[in-house]
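In: sequence first, predicted coordinates after that:
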Amino acid sequence: MPAKSKHMEQRKQRIANAKKNARLATKLRRRRQLQALGGLLAIAAVLTLAYLWQSGFFKDEEPVAEETPTSEVTEAPIDPNATADPTASAEPSEAPSETPSETTE
């Protein structure tokens with residue numbers, strides 16, 4: 001519906017422009033809020049990762065070896081029949097010639 005005077009036409013145009021600007025401002029405000037939220041999340045993630053890295057969370061920890069005092073260390077007896085490499089001989093070894101002890105009760 002056309003305005004009846006030039007003054008009313010300008011007023012109608014100003015109102016339309018104000019509504020348009022309000023919609024654009026709302027869009028821009030929402031966009032800025034989302035960008036700020038994304039920035040805060042990124043900063044929080046970086047700070048969390050930095051804290052975890054400093055605390056050693058990402059290091060592969062080797063299992064702690066059990067410490068035995070040297071006074072308690074004993075050498076294992078050496079078996080004279082044992083060879084360094086049991087697969088070195090090509091021919092099969094003979095079975096031990098031990099006879100089982102028979103007990104009669």
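Out: Structure received.

In: every contact and neighbour count from this point should use C-alpha atoms.
Out: Fine.

In: which strands and helices sit next to whichever helix or strand residue 38 is part of?
Out: In this structure, residue 38 sits in helix 6-54 according to DSSP states H and E. Of the remaining helices and strands, none touches helix 6-54 by 3 or more CA pairs under 8 Å, 6 or more residues apart in numbering; DSSP states H and E.

In: quick one: average pLDDT of that helix?
Out: In this model, helix 6-54 has a mean pLDDT of 97.

In: how about the secondary structure of residue 57?
Out: Following DSSP: H, G, I helix; E, B strand; the rest coil, we place residue 57 in the coil state.

In: count the residues that sit near it.
Out: Residue 57: 11 surrounding residues under other CA atoms under 10 Å.

In: same check, this time on residue 52
Out: The number of residues near residue 52, taken as other CA under 10 Å, comes to 13.

In: residue 58 is in contact with that one, correct?
Out: Yes. In this structure, residue 52 is within contact of residue 58 by CA atoms under 8 Å, at 7.2 Å.

In: now the common contact residues for the two.
Out: Here residue 52 and residue 58 have no joint contacts, going by CA atoms under 8 Å, 6 or more residues apart in numbering.

In: let me know the pLDDT of residue 67.
Out: At residue 67, the model reports a pLDDT of 74.

In: now swap in residue 79 and tell me
Out: 74.

In: got it, and residue 63?
Out: pLDDT, read off for residue 63, is 68.
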